[in-house]
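1. Okay, here's the prediction I keep looking at, along with the sequence it came from:
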Amino acid sequence: MSPSPTPPIVIATRESRLALWQAEHVKALLETRGHSVQLLGMTTKGDQILDKSLSKVGGKGLFVKELEVALEEGRAHIAVHSLKDVPMELPEGFALACVMEREDPRDAFVSPRYENLDALPQGAVVGTSSLRRQVLLQALRPDLKIEPLRGNLDTRLRKLDEGQYDAIVLAAAGLKRLGLEARIRTTFEPSAMLPAAGQGALGIEVRSDRQDLIDALAPLAHQTTWLTVAAERAVSRAMGGSCSMPLAAHGTFTQGVLQLDAAWGDPEDKAPLVRAQASAPVTTLAQAEALGDAIAQRLRAGGARGATPA
């Protein structure tokens with residue numbers, strides 16, 4: 001008798017165009033390694049609640065909970081996430097099995113009329129629902145009017161094109177992955193707009209008892225990216241991080257040394273922006289997380305406050 005065919009790996013994914021691109025990307029990589037792969041498209045609460053900011057309705061975990069339920073029930077085996085949307089602490093029984101090579105981590109300035117942030121007139125309306133982007137924009141241009149902007153990437157661009165905003169700020173990675181790089185007027189250098197922890201990186205979540213899947217995903221991992229985002233996420237974890245806290249953290253590797261920069265701001269604009277940075281040789285996840293913890297301590301010493309419990 002011939003052996004039974006190996007059952008396919010089922011990927012749980014949100015159904016936005018960007019999420020499907022990410023899932024298809026992982027599917028193609030696994031298929032080139034001989035695996036059979038299927039997609040399970042799902043709509044999450046984060047996709048459904050569009051009239052309130054994430055910080056007021058439960059945070060970015062709303063984008064991953066339904067996918068985790070699918071993993072727990074066995075309807076899917078892995079979930080592909082934009083890592084910046086993944087809570088800093090995973091539920092018991094789940095693991096981050098793989099972090100893939102990072103796309104451009106920077107923020108992008110998108111506008112049909114203006115070349116860059118400096119070109120915006122006084123009082124111009126800029127759209128973002130990220131508290132991190134809000135406080136960084138306030139520091140750069142306190143005269144601007146920052147308005148909430150929710151929805152998937154295509155929805156956000158449509159709202160901009162309809163004239164609801166003079167400009168919007170988006171992750172460059174998503175625009176590039178969907179072939180929309182031409183919409184980018186300019187990218188912010190991290191020194192001006194420090195990215196979110198994990199921005200531009202894809203993470204793959206599994207049940208922690210599925211060593212077979214962890215082994216199958218190992219060839220897709222990018223160790224330098226993994227170490228970098230582990231340090232960034234450690235800053236956020238130590239600060240009680242969620243989307244209800246305006247925190248940025250971004251690392252860069254140079255010859256085995258990781259430099260980590262972080263910033264915290266007050267969305268009520270009652271306190272100055274707090275910045276901290278440090279560097280250290282990093283070769284393990286424990287070393288990366290220790291560097292992140294050290295940065296969080298420096299932020300707190302400078303006056304940064306942790307997240308308000310939900």
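-> Cool, got the structure.
2. Now do the contacts for Arg207.
-> Residues near Arg207 by CB atoms under 8 Å, 6 or more residues apart in numbering: 71-72, 93-95, 213. (Each C-beta comes from the backbone N, C-alpha and C, glycine too.)
3. One more: Trp226?
-> By CB under 8 Å, 6+ apart, the neighbours of Trp226 are 99, 285.
4. try Leu117
-> 109, 137, 140-141, 167, 186, 188.
5. Filter those down to the buried ones.
-> By neighbour count, with 16 or more other CB atoms under 10 Å, the contacts of Leu117 hold 109, 137, 167, 186, 188 as buried.
6. For those residues, which two are the farthest from each other?
-> Between any two of these, the greatest separation by CB to CB is 13.9 Å, found for Leu137 and Thr186.
7. thinking Arg177 is in contact with Leu18, fair?
-> Yes - contact criterion CB atoms under 8 Å: Arg177 and Leu18 qualify, at 6.5 Å.
8. still on that earlier bit, which one of the contacts of Arg207 sits closest to Ile146?
-> Of those, the one sitting nearest to Ile146 (CB to CB) turns out to be Phe94, at 34.3 Å.
9. So what sits opposite that closest one in the bridge?
-> Residues in a beta bridge with Phe94, per DSSP bridges, are Arg207.
10. gap between it and Val64?
-> 9 Å (CB to CB, to the nearest Å).
11. Need the overlap of contacts for these two.
-> Residues touching both Phe94 and Val64 (CB under 8 Å, 6+ apart) are Glu205.
12. Of those two, give the one with the bigger neighbour count.
-> In this view Phe94 and Val64 are compared by other CB atoms under 10 Å, and Val64 has more residues nearby, 25 against 19.
13. Got the confidence number for the more buried one?
-> Val64 is assigned a pLDDT of 81 by the prediction.
14. mind checking pLDDT for the spatially most central residue of the chain?
-> Residue closest to the average C-alpha location in the chain (CA atoms, centre = their mean): Lys84, at 1.8 Å. What the model reports as pLDDT for Lys84 is 88.
15. which residues does it contact?
-> Residues in contact with Lys84, defined by CB under 8 Å, 6+ apart, are 60, 171, 196-201.
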